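> Here you go, sequence then predicted model.
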Amino acid sequence: MSRATESTATLGDLRPGQSCIIVAIGGQGALKRRLVDMGLTPGCRVFLRKTAPLGDPLEINLRGYELSLRRADAKNILVEKV
């Protein structure tokens with residue numbers, strides 16, 4: 001993954017209530033394919049709704065549906081905060 005700038009981060013770095021736009025999907029093979037199959041594609045707007053009490057998983061809203069995602073998987077998604 002490329003180095004994050006001030007306005008970019010990973011999906012796992014966001015706090016509840018923040019929105020972002022996906023810039024790139026990292027990972028390889030099955031992980032990357034699974035993330036894309038769930039609708040996590042570059043240009044998609046994502047809203048971090050909440051995190052579980054211990055911080056994992058994350059509940060995000062994208063494309064009109066709710067998705068729970070492990071923080072480790074979310075760290076593979078480069079986003080730009082909006």
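Done, it's in. Residues are numbered from 1 along each chain as shown.
> C-alpha from now on. contacts and neighbour counts both.
OK.
> From residue 47, how far out is the residue nearest to residue 75 when sequence neighbours are not counted?
Excluding the flanking residues, the one nearest residue 75 by C-alpha to C-alpha, 6 or more residues apart in numbering is residue 12, at 4.9 Å. Look at residue 12 and residue 47: by C-alpha to C-alpha, to the nearest Å, they are 12 Å apart.
> Residue 66 too?
For residue 66 relative to residue 47 (C-alpha to C-alpha), the value is 9 Å.
> For this protein, give me the ranges with low pLDDT.
Counting by pLDDT under 70, the chain has low-confidence residues at 1-6.
> So the residue nearest to residue 75: helix, strand or coil?
The three-state label given to residue 12 by DSSP: H, G, I helix; E, B strand; the rest coil is helix.
> residues near it, how many?
22 (other C-alpha atoms under 10 Å).
> Name the nearest residue to the spatially most central residue of the chain, ignoring sequence neighbours.
Closest residue to the average C-alpha location of the chain: residue 11 at 3.5 Å, with C-alpha atoms, centre = their mean. Closest residue in space to residue 11, ignoring its immediate chain neighbours: residue 74 at 5.1 Å, by C-alpha to C-alpha, 6+ apart.
> How many neighbouring residues does that neighbour have?
Counted with other C-alpha under 10 Å, residue 74 comes out at 20.
> just residue 72 next, same as before
12.
> which residues does it contact?
Counting by C-alpha atoms under 8 Å, 6 or more residues apart in numbering, residue 72 makes contact with residue 12.
> For it, what is the enclosing helix or strand?
When elements are assigned from DSSP states H and E, residue 72 belongs to helix 71-74.
> What pairs with the host helix or strand of residue 61, parallel or antiparallel?
Using DSSP H and E, residue 61 sits within strand 58-62. When pairing is defined by DSSP bridges, strand 58-62 lines up against strand 45-51 (antiparallel), strand 65-69 (antiparallel).
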